[in-house]
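*Asks:* below: sequence and its predicted model.
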Amino acid sequence: MKKDKTQKLRSLFVGIGLIAAAGLILAGCPSQQGMMDTRDAAQKVYVAPGEHDEYYGFFSGGYSGQLSVWGLPSGRFLKVIPVFSQDPETGYGYSEETKPLLQTSYGFIPWDDSHHPHISQTNGDADGRWIYINANNTPRIARIDLQTFETKEILELPNTGGNHASSFVTSNSEYVIGATRFSIPYEMDLDVPIDSYSEEFRGALSFIELDPETGMMNMGFQIIVPPYNYDLGRAGKGVSEDWVFFTTYNTEEAHTMLEVNASRNDKDYIAAVNWRRAAELVRNGHGETMSAEYYHNYYEGNQGFAINDVKDQVTVLTPEDGQEFIYFLPTPKSPHGVDIDPTGEYIAAGGKLATVIPVHSFSRMIEAIENRDFEGNVENIPILSYDATIAGEVENPGLGPLHTEFDGRGYAYTSVYISSEIVKWSLETFEVVDRIDAYYSIGHLMITGGDTKNPDARYLVGLTKTAKDRYLPTGPKQNHPAQLYDISGDRMELLLDFPTIGEPHYAQAIRADKITQNVKQIYEMEENDHPHALLRIADNRVERDGDVVRIYMGSTRSHFRPDNIEGIRVGDTVYIHLTNLEQEWDVVHGIAVKGAQNSEILVAPGQTKTLKWEPTRTGIYPFYCTAFCSALHQEMQGYIRVSAADSDVSLAWRTGTN
Amino acid sequence: MTSIKNLLTTFIFLVLAFSLTACGGEERADRASQPDTQEEGLTEFELEHGIGPITERITLDDELDPEKIEKGRNIYEMKCEMCHNMQGRMVGPPLAGVTETRTPEFIMNFILNPRENIDRHPIGQALLREYLTQMPYQNVSEEDARALVEFMRDYDANL
């Protein structure tokens, strides 16, 4: 007995020792807790009722497919902007106006996985006009107008499998970039064996031109590259503003069990692309036009139905010997992020499996190109020598460095996934100067005003992957956290920890005044160019054309006009075109019809939106305003009578005569 | 010892109670003492011509301007008719005859600044009691409000 007890005790001690040792190994160099006095922290994030935050934060929704908007530093949730997923709350993707936005060459897709929002830039600074965001699964890029916080345009990318290295814009919003994370055969719908990977599969790097006035996208050209995984990208700045950079992994060209098979090479590459030169080559006829089917969805006027502009060709540029607009920079070990400092000189890579953070020098890269300091080439892409381009390696960065942003004061901040921390390092000495815990398993991070020439580096937001015990538990799946750090001093200090929406992979924050000055409060009725708008109230009516019935309806506090409708028949397709005639900020009306296999449709002041309804049974169908709009909101209702398919009840509508 | 403690507690309690009531309490009293209308807070001009951006008499030509009438009609049909008939009560009062009972400045101020006129002006408050609905601001410019006056003058001239 006694012996047993001792043995038990001994194994307990050994166990504790092992756990402690494992903890030490996992945590690496222990980070500081860095929580400032809670009262100081509370004061720093306190925004009094009625006061506004200093920054807008735009957080990608990840698997929600949307973009959420937050006030910083308070962490106030402001809004979800629906982008790639249907949103029954607003009717996005359910109304006839917005459904076409979600059309692709694969049909209507109600969902996607949105990753990297990026604000349009002028002279290397975020200008707050539009924000672009990528869809990873069915590759697309969306443009959101920051006057109305609405998705206005979606462009599908051909030849692409997993548009992950996207949607980063160049310094003057000349281009927004995309890339293939999963290389695929780039001839349309090519049916080949998977093990023909190295021969048949290729990557495509997309350069989408942006209209400087409207922000509209146009597929410029694609560069055809070796069959690697193109992971992340960034545009250069300042000295490097003519360049964009992409990380690659899987230079092993594995097509199965990448976890093992794509982790063998000591170094993969950063692809450095001189986009200005590539565009010039395309202009001079070096590109090749190939057939490809992809959708470009956008609005033609202020309002109306988004249209599907189906494209059937794309220009591709395949690197040829001597063209030299793209180079490979060897970079250790399946790099994830590639991040450019505010001067454009430093190119930091996050090698997921690397023990250091390699930092390339842009000027050394240019020198190496001039000196022809090449180690070889792949498919006419020169490979530069690592020693020739490297500026420094940051030692002891923790385990699993992923993404870096910069404060413009000479420091960089890298998220480190496995050891769950943020490390701050110097761009002068390439030494770690501070580190702080992240809760838990940090993915991306962002700095207010980050990824610009002039970061406004007051705060840093860490986007972490697991919440575990951070908040009140909400079952086996918890929402992903964000943590706000004060980075204005020498040491990073944790101020706030809040749950987010979806899984934010990246976020951007911009000084609020850059956006508030342009935000619209209403859609002016005078500018409503919707083809079915109710511009003259007396024109409210119901029209039949065969089985299609259109109801031209208006709303104001607190009634619909018309609100009694008869003569609808089973088998009809009914379109309710609701114009919200309000012209006051934030006075929204919605409409829902009993039994309609659709969501409600929410209509902003001055806007026209369309609810499609196909009644299947006879009866009386109440409809009502779904948004509490006024004291008499409960009175805001109506009835539609649905008669049998062969009924001769004539079309009639009225309001106000009982 | 206990009594000192008690005294201290009472003192703290009193200070707390005082500081709590100090904010808000007075304001409530103020509000309670407010008359139903704040007529005394309005200027002579506001009483007659409404509260808003129109602070001086405007001059109207005897001859009506057909362009303004047409413009005013379009605005009425787009932004007003949901709630106002020319003849007969709807959500709001009928508009026929309004240029005879109200000054043009009053009509314009009411269109340009409905909320304050409903909150503070005796006529606005009387209208609210009768119609139970607050007239919303419809993003009408001064120029457009002037056109609406012309449209209503024309309507009334032809009554």
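*Replies:* That came in fine, so what should we check first?

*Asks:* show me what from chain B comes close to chain A.
*Replies:* B:77-79, B:81-83, B:90-91, B:132-134, B:136-140 (Cβ under 8 Å from any Cβ of the partner chain). C-beta here means a position set from N, CA and C on the backbone, and glycine is covered the same way.

*Asks:* where does chain B have its least confident helix or strand?
*Replies:* Across the helices and strands of chain B, mean pLDDT, DSSP states H and E gives its lowest value to helix B:2-33, namely a mean of 44.

*Asks:* do chain A as well
*Replies:* Min over SSEs of chain A, mean pLDDT, DSSP H and E: helix A:2-27 (a mean of 46).

*Asks:* show me what counts as buried in the helix or strand just after that helix.
*Replies:* With elements assigned by DSSP states H and E, the helix or strand that comes after helix A:2-27 is helix A:38-45. In terms of neighbour count (16 or more other Cβ atoms under 10 Å in any protein chain shown), helix A:38-45 has its buried residues at A:41, A:44-45.

*Asks:* check chain B for the residue nearest chain A and tell me.
*Replies:* As assessed by Cβ to the nearest Cβ, chain A sits closest to residue B:139 within chain B, at 3.5 Å.

*Asks:* contacting residues for the closest residue to that residue other than its chain neighbours?
*Replies:* Spatial nearest neighbour of residue B:139, chain neighbours left out: residue A:583 (3.5 Å); criterion: Cβ to Cβ, 6 or more residues apart in numbering or on different chains. By Cβ atoms under 8 Å, 6 or more residues apart in numbering or on different chains, residue A:583 lies in contact with A:522, A:524-525, A:605-606, B:79, B:136-140.

*Asks:* now list the buried members of those.
*Replies:* With burial judged by 16+ other Cβ under 10 Å, the buried subset of the contacts of residue A:583 is A:522, A:525, A:605-606, B:79, B:136-140.

*Asks:* now do the strands in the stretch 451-600 of chain A.
*Replies:* A:459-464, A:481-486, A:493-499, A:507-511, A:541-545, A:548-556, A:559-561, A:564-569, A:573-580, A:589-593 (DSSP state E, counting those that start in this stretch).

*Asks:* is it possible to export those to JSON lines including mean pLDDT and mean neighbour count?
*Replies:* Converted to JSON lines, those look like this (pLDDT from 0 to 100; neighbours: other Cβ atoms under 10 Å in any protein chain shown):
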{"stretch": "strand A:459-464", "mean pLDDT": "98", "mean neighbour count": "26"}
{"stretch": "strand A:481-486", "mean pLDDT": "98", "mean neighbour count": "24"}
{"stretch": "strand A:493-499", "mean pLDDT": "97", "mean neighbour count": "19"}
{"stretch": "strand A:507-511", "mean pLDDT": "98", "mean neighbour count": "24"}
{"stretch": "strand A:541-545", "mean pLDDT": "98", "mean neighbour count": "13"}
{"stretch": "strand A:548-556", "mean pLDDT": "98", "mean neighbour count": "23"}
{"stretch": "strand A:559-561", "mean pLDDT": "96", "mean neighbour count": "24"}
{"stretch": "strand A:564-569", "mean pLDDT": "98", "mean neighbour count": "20"}
{"stretch": "strand A:573-580", "mean pLDDT": "98", "mean neighbour count": "23"}
{"stretch": "strand A:589-593", "mean pLDDT": "98", "mean neighbour count": "24"}
